[in-house]
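K.L.:
need a structure here:
(chains A, B and C)
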Amino acid sequence: MSTLLWLRKSLRLHDNPALCAAIEGSTHLFPVFCLDPWFVQSGRVGTNRMNFLLESLHDLDASLRALNSRLIVLQGDPRDELPRVWREWKVERLAFEIDTEEYAKARDDEISRLAQSMGVQVVTRWGHTMCDLDQLLKHAGGTPTTNYNSFLSHFEMESRLQPVKPIDAPRRLPPLGAIAAAEATLPSIDQLGYARSHRSVILPGGETEALRRLEEHLKREEWVATFEKPQTSPTGMNPFGDRTRSTTALSPYLKFGCLSSRLMYDEIKKVYTRHPKHSKPPTSLHGQLLWREFYYTCAHGTPHFSQMRGNPICRQIPWGADEELLAAWREARTGYPWIDAAMTQLREEGWIHHLARHAVACFLTRGDLWQSWEEGAKVFDELLLDADPAINYGNWMWLSCSCFFYQYFRCYSPVAFPRKYDKEGEYVRHWLPCLKNMPAKYIYEPWKAPIAVQKSASCIVGVDYPKPIVQHEVVSKENMAKMAMAYEAYKNGKSSVGGLSTTMGAKGKNPLKQTILPSSKKPRQ
DNA sequence: TCCGACGTTGGAGCG
DNA sequence: CCGCTCCAACGTCGG
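P.N.:
Numbers count the residues shown, from 1 in each chain, chains lettered A, B, ... in the order given. Model prediction:
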């Protein structure tokens, strides 16, 4: 049996069920990654994340070579490339990990049909998440819950049936066929049309690095056991070395599957057994992995999860469409140093702390600029190393009070919020050097500094640094009123957007129940 | 059907 | 510096 293992995520050897399935009964194994133009040439993936991907592929290739195999990298649409190599290499079986992203589902359905039509067997396995997401949906009665605590009970049910247990990396691999060995290798980032100079390697990609970092974190048992997410700081200058304020920053490794979420969960569990008074979800480290699982399940079971219209869990809110405001936010020139510093770090490093994401997301949407969360999500999707559709869109809905979270009167101040963490404004000074000499008193609101102070700090607001594009005290109040109206419209059972009229939310508590019950299941009554 | 408790991470003002 | 209350008042769950 000759098997092609089609790698997309799970760029690792450890805890890789699809890899194990591909090995079983194979005389030849072709590990293949396909650089799909839908991702590569579309502008969807920024330089930093593409670089992370290439490093991860490079690392995987090295690990495969150590087992007398190697990674074959194809370039082109997998709908063309895979059938070609199935023929050329006489592939009898295709194995891949289930991917629940919107694009991936459609793509994988097509590929599976092509394979069957060409007599190629198809084997799929879950592996990117801790559980089989269809099973989690089943525990929820067929429709995803938008409530974390409800989700926790579903997860507990499922993990009792299928304990979260990682599997070891294989020690031997079937050899490649001779023809396949001649195929092209990994391109460099400039060969893919990206400017090498725009790259900033803060987090190097790859399974080796992921496991090393996980191990480093696990050594700090006390820290692991007592981790409380809300206690961490968004303004830590070096989040990857700072031992007192940082998070793990393992998200990019989880996104690409350089690190298995099941392995991480299981290793943390071992620490918990030695520290009986450990923290608990939602704030604990286990809690963080469960948030990931939560959003994945929700996205898997929700149509049009990436947008507002047609998304049954998303509040319909009449966002504005002001290209200037959006551009100012995206390009870090809102005139609010905290917002601009975070957006600068995002662009430079591809990573910002979760609370910085909250702050800039709230600012763009319900807090200040009243722009659609979809636009913000697109920017994050391009720039974040860990950009992950389920989690990204989910969190944008959360922050914009479109789903999951509804207390729109709780609004982040771009001035008061960062001050709680960083009184001196070191974070701002680092990312916005033009404000380096601004006194701490004015660092988050430099337009309030007397002109003499601005002069002695060599930073004239309106010249060296922008004036604020909106007045937070004014617009945040106006926007709260707009949110109240949108919620009122929702309660009255009609959409407030584009004259669309829907009965959504008119009576039912969960509009999903009326719209997307899986055909295989009967409604619960 | 109603009501209270709760919701990972708000802000301002107070003691 | 911390913890408390109020601000005005969201949806969801469960008794």
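K.L.:
what's the pLDDT at the residue of the stretch 401-525 of chain A found nearest DNA strand C?
P.N.:
Going by C-beta to the nearest atom of the strand, DNA strand C is nearest to A:Tyr406 of the stretch 401-525 of chain A, at 3.8 Å. Where you see a C-beta, it was placed from the backbone N, CA and C, and this is true even at glycine. pLDDT for A:Tyr406: 96.
K.L.:
next: A:Ser260.
P.N.:
For A:Ser260, the model assigns a pLDDT of 98.
K.L.:
same deal with A:Asn147?
P.N.:
The score at A:Asn147 is 95. That number is its pLDDT.
K.L.:
try the one 3 residues further on
P.N.:
In the prediction, the pLDDT value recorded for A:Ser150 is 95.
K.L.:
now for it, how many residues are close by?
P.N.:
The local packing of A:Ser150 (other C-beta atoms under 10 Å) involves 14 other residues.
K.L.:
enumerate every residue touching the residue positioned nearest the centre of chain A.
P.N.:
Most central in chain A under C-alpha atoms, centre = their mean is A:Asp388, positioned 2.7 Å from the mean C-alpha point. By C-beta atoms under 8 Å, 6 or more residues apart in numbering, the residues touching A:Asp388 are A:251, A:254-255, A:292.
K.L.:
out of those, which one sits closest to DNA strand B?
P.N.:
Closest to DNA strand B, out of all of those and judged by C-beta to the nearest atom of the strand, is A:Arg292, at 9.2 Å.
K.L.:
widest-spaced pair of the contacts of A:Asp388?
P.N.:
For these, the farthest-apart pair by C-beta to C-beta is A:Lys255 and A:Arg292; their separation is 9.5 Å.
K.L.:
A:Leu114 and A:Pro83 touch, don't they?
P.N.:
Yes. Checked against C-beta atoms under 8 Å, the pair A:Leu114 and A:Pro83 is within contact range at 5.6 Å.
K.L.:
do you know how far the residue nearest to the centre of chain A is from A:Leu74?
P.N.:
According to C-beta to C-beta, to the nearest Å, A:Asp388 stands 24 Å off from A:Leu74.
K.L.:
name the SS class of A:Arg87, please.
P.N.:
Using DSSP: H, G, I helix; E, B strand; the rest coil, the structure places A:Arg87 in helix.
K.L.:
let me know the pLDDT of it.
P.N.:
Looking at A:Arg87, its pLDDT reads 96.
K.L.:
for it, grab the count of nearby residues.
P.N.:
Using other C-beta under 10 Å, A:Arg87 is surrounded by 11 other residues.
K.L.:
equivalent analysis for A:Thr27, please.
P.N.:
11.
K.L.:
can you give me the helices in the stretch 351-500 of chain A?
P.N.:
Using DSSP state H, counting those that start in this stretch, the helices of the stretch 351-500 of chain A run over residues A:354-362, A:373-383, A:389-399, A:416-421, A:426-431, A:451-456, A:472-491.
K.L.:
can you list the buried residues in the last one?
P.N.:
Translated: helix A:472-491. Buried residues in helix A:472-491, counted by 16 or more other C-beta atoms under 10 Å: A:472, A:475-476, A:479-480, A:482-483, A:486-487, A:489-490.
K.L.:
hmm, A:Leu7 is touching A:Ser63, no?
P.N.:
No. Taking contacts as C-beta under 8 Å, A:Leu7 lies outside contact range of A:Ser63: 11.9 Å.
K.L.:
more neighbours: which of the two?
P.N.:
Shown here are A:Leu7 and A:Ser63; by other C-beta under 10 Å, A:Leu7 has more neighbours (25 against 20).
K.L.:
so what's the residue of the stretch 401-525 of chain A closest to DNA strand C up against?
P.N.:
By C-beta under 8 Å, 6+ apart, the contact list for A:Tyr406 reads A:Tyr487.
K.L.:
over to A:Cys34. Which of the three states is it?
P.N.:
Here A:Cys34 is strand, with the state taken from three-state DSSP.
K.L.:
where's A:Phe294 relative to DNA strand C, distance?
P.N.:
Applying C-beta to the nearest atom of the strand, to the nearest Å, the value for A:Phe294 to DNA strand C is 13 Å.
K.L.:
ok, the host helix or strand of that residue near DNA strand B or not?
P.N.:
Using DSSP states H and E, A:Phe294 falls within helix A:285-300. Yes. Using C-beta under 7 Å from any atom of the strand, helix A:285-300 reaches DNA strand B at A:287-288, A:291.
K.L.:
DNA strand C: which of those is nearest?
P.N.:
Minimum separation from DNA strand C among the residues of helix A:285-300 next to DNA strand B (C-beta to the nearest atom of the strand) is found for A:Trp291, which lies at 16.5 Å.
K.L.:
pretty sure the closest one contacts A:Pro282?
P.N.:
Yes. When contacts are counted by C-beta under 8 Å, A:Trp291 is listed as touching A:Pro282 (6.8 Å).
K.L.:
overlap in contacts of the two?
P.N.:
Listed as contacting both A:Trp291 and A:Pro282 by C-beta under 8 Å, 6+ apart are A:Tyr148.
K.L.:
so, low pLDDT: which residues of the stretch 251-400 of chain A?
P.N.:
In the predicted model, the stretch 251-400 of chain A carries no residue with pLDDT under 70.
K.L.:
any idea which residue of chain A is furthest from its center?
P.N.:
Relative to the C-alpha centroid of chain A, counting by C-alpha atoms, centre = their mean, A:Ala452 is the outermost residue, at 44.5 Å.
K.L.:
sorry, back to before: in a markdown table, list the residues of helix A:285-300 next to DNA strand B along with distance to A:Ala328 and neighbour count.
P.N.:
A markdown table is the format used below for the residues of helix A:285-300 next to DNA strand B (distance: C-beta to C-beta, whole Å; neighbours: other C-beta atoms under 10 Å):
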| residue | distance to A:Ala328 | neighbour count |
| --- | --- | --- |
| A:Gly287 | 35 | 18 |
| A:Gln288 | 32 | 23 |
| A:Trp291 | 30 | 19 |
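K.L.:
with distance to A:Gly462 added, can I get these in a markdown table?
P.N.:
A markdown table is the format used below for the residues of helix A:285-300 next to DNA strand B (distance: C-beta to C-beta, whole Å):
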| residue | distance to A:Gly462 |
| --- | --- |
| A:Gly287 | 44 |
| A:Gln288 | 42 |
| A:Trp291 | 41 |
